[in-house]
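Novice: kindly generate the corresponding structure for this input.
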Amino acid sequence: MEIFSIQELNEVIRHVEIEGQGGIYKEETGQQPKDHPKEFLNRIENHSSDNQLINKIKGLTEDEALHIFVKSVYVVRIKQLESNHYIEENGIIYKVFEDYLVETPTHS
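Specialist: Take a look at the predicted model:
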C-alpha cells in the first residue's frame, strides 16, 4: 500500500473533481471511472507534473485504486454538500485518508 502526503491526496481529489465529476473520463472513454478506477487514476498524468505521485498511482493495485477513488469521491461530495465554513482546511482529508497518510494532523 502506498503512503501519500496531504498535498498528493489533494491532487488526487482535484483529479477526481476535474475528470470524474466533470464527466471528462466518461466522455473520452465511454466508461464510468468507478468501473475502471486504476485506469482513471492513472490519468492524473494529465493534471500533475509530480512524478513521485504519478509513480505512486501507477503502483496501486486495482483494489487500492478503487479504495482511493471511492474516498476521493466521498471528499468531493462532502465539499459540495457542506459550506466551506464547516470544513476545516484538510481536516476531512486527514479523517478519510488516515490509513494512506504520511503525516498526521497536529490537532485533533
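Novice: mind listing the helices for the protein?
Specialist: Under the criterion DSSP state H, helices of the chain are mapped to 6-15, 24-29, 37-42, 51-58, 62-81, 91-96.
Novice: residue 102: which of the ones you listed is closest?
Specialist: Smallest distance to residue 102 across those (CB to CB): 8.1 Å, for helix 6-15. In short, each C-beta sits where N, CA and C put it, glycine included.
Novice: quick check: mean pLDDT across the closest one?
Specialist: The pLDDT scores in helix 6-15 average 93.
Novice: show me which residues of it are buried.
Specialist: Residues 6, 8-9, 11-13, 15 are the ones in helix 6-15 that count as buried (16 or more other CB atoms under 10 Å).
Novice: give me the buried positions along the worst-scoring helix or strand of the chain on mean pLDDT.
Specialist: The weakest-scoring helix or strand in the chain, judged by mean pLDDT, DSSP states H and E, is helix 91-96 (a mean of 82). Neighbour-count burial for helix 91-96, counted by 16+ other CB under 10 Å, picks out 92-94, 96.
Novice: out of those residues, the closest to residue 72 would be?
Specialist: Residue 72 lies nearest to residue 96 out of the buried residues of helix 91-96, by CB to CB, at 8.5 Å.
Novice: show me the contacts for the nearest residue to the closest one once chain neighbours are set aside.
Specialist: Spatial nearest neighbour of residue 96, excluding adjacent residues (CB to CB, 6 or more residues apart in numbering): residue 71 at 5.1 Å. Counting by CB atoms under 8 Å, 6 or more residues apart in numbering, residue 71 touches 96-97, 100.
Novice: and residue 71, how far is that from residue 65?
Specialist: Per CB to CB, to the nearest Å, residue 71 is found 11 Å from residue 65.
Novice: from memory residue 78 sits against residue 92, does it?
Specialist: Yes: here residue 78 reaches residue 92: they are 5.7 Å apart, a contact under CB atoms under 8 Å.
Novice: in stretch 51-58, what's buried?
Specialist: Here stretch 51-58 shows 53-54, 56-57 as buried, counting by 16+ other CB under 10 Å.
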